[in-house]
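A.B. asks: next one to model:
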Amino acid sequence: MNFLRFDDGGVPRYGRLDGEMVAPLDAAPWEGGEAAGRPIPLAGLTLLPPVPPGGKVLCIGRNYLAHAKELGNEVPAEPLVFLKPSTSLLAHGGTVVLPPESERVDFEGELALVIGRRARRVGREAFADVVFGITPALDISARDLQKKDGQWWRAKGFDTFCPCGPVVATGVDASDLGLRTILDGAVKQDGRTSRMIFDLPALVSWVSQAMTLEPGDLLLTGTPEGVGPLAPGQLLELEIEGLPRLSVRVEKEG
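C.D. replies: From the prediction side, this is the model:
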């Protein structure tokens, strides 16, 4: 099933996507939300990020060997984890804003996990119980600031630097999915989730040893090789096998 989040007259709501129609839900799908109200045409909706604001946005760095090498980085012995603020979330159809503080902002296409239940210090075997579904996500990164600052909070945390959606898909085996990042119609990244250094169950278990995972948290799982810079006016898209494509525009701030 595919779930999304939309604006209903100023009120955020969750819905289940059925073809070109959306069945509104009375709660988040990972909370057992059920159909409430008549179906609404998808075409008339303003979509929101599929996870709620205020949750954690966790990210894994250098989780594909070829990507670590293309940036001249060592392969980590353990998962390399950082966080983005929830204010970096951006919905499908939105605009990535390039800040004046950076001269080099890169795209990084990733598979993201949506957490479905509270979890602390879980093992690999708990993966299917802890993860509700998957969604496409882009880790937008001010590369020059990342190198300059050392700490990544600013380089990874600007507003609009985490596009995701449009849907959260459930019941999908995400261990070997194709992932393509497309810039103005040209494929820039073309990888498979099976090429991760640390697989999905290992990532969820690792992060949960340090912090409690909460329903609605987002975990970006790393990017394959092929990252590159963005420029104003471009169309940036992410396609994960079997899921609707995530599309955003790129503009310069101001």
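A.B. asks: burial check on the nearest residue to residue 226 once chain neighbours are set aside, number of neighbours?
C.D. replies: The spatially closest residue to residue 226, leaving aside those adjacent along the chain, is residue 189, at 3.7 Å (C-beta to C-beta, 6 or more residues apart in numbering). No exception for glycine: its C-beta is placed from N, CA and C like everyone else's. Residue 189 has 23 neighbours, counted by other C-beta atoms under 10 Å.
A.B. asks: tell me the secondary structure at residue 189.
C.D. replies: Under DSSP: H, G, I helix; E, B strand; the rest coil, residue 189 falls in the strand class.
A.B. asks: show me what residue 22 is bridged to.
C.D. replies: residue 17, residue 40 (DSSP bridges).
A.B. asks: contacting residues for it?
C.D. replies: Neighbour list for residue 22: 4, 6, 15, 16, 39, 40, 41, 42, 45 [criterion: C-beta atoms under 8 Å, 6 or more residues apart in numbering].
A.B. asks: any chance of those residues in TSV, with pLDDT, distance to residue 184 and neighbour count too?
C.D. replies: Converted to TSV, the contacts of residue 22 look like this (pLDDT from 0 to 100; distance: C-beta to C-beta, whole Å; neighbours: other C-beta atoms under 10 Å):
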residue	pLDDT	distance to residue 184	neighbour count
4	98	26	26
6	98	27	21
15	98	31	27
16	98	33	19
39	96	35	15
40	96	32	16
41	97	29	9
42	97	25	17
45	97	26	17
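A.B. asks: of all these, which comes closest to residue 137?
C.D. replies: residue 4 (14.3 Å; C-beta to C-beta).
A.B. asks: which strand or helix spans the closest one?
C.D. replies: strand 2-8 (DSSP states H and E).
A.B. asks: what's that strand packed up against?
C.D. replies: Counting contacts by 3 or more C-beta pairs under 8 Å, 6 or more residues apart in numbering; DSSP states H and E, strand 2-8 is packed against strand 11-18, strand 21-24, strand 46-48, strand 168-169.
A.B. asks: just the CA atoms of the next helix or strand after the last one, as CSV, please.
C.D. replies: Taking DSSP H and E as the definition, the helix or strand that follows strand 168-169 towards the C-terminus is strand 178-183. Taking Å, rounded to 0.1, in the frame of the first residue of the first chain, the C-alpha atoms of strand 178-183 are listed here in CSV:
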residue,chain,number,x,y,z
GLY,A,178,17.0,0.1,-8.1
LEU,A,179,17.7,3.8,-7.3
ARG,A,180,18.1,6.5,-9.9
THR,A,181,18.7,10.2,-9.4
ILE,A,182,17.7,12.3,-12.5
LEU,A,183,18.7,15.9,-13.1
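A.B. asks: of all the helices and strands packed on strand 2-8, which one is nearest residue 197?
C.D. replies: Nearest to residue 197 among these is strand 168-169; the distance by C-beta to C-beta comes to 23.7 Å.
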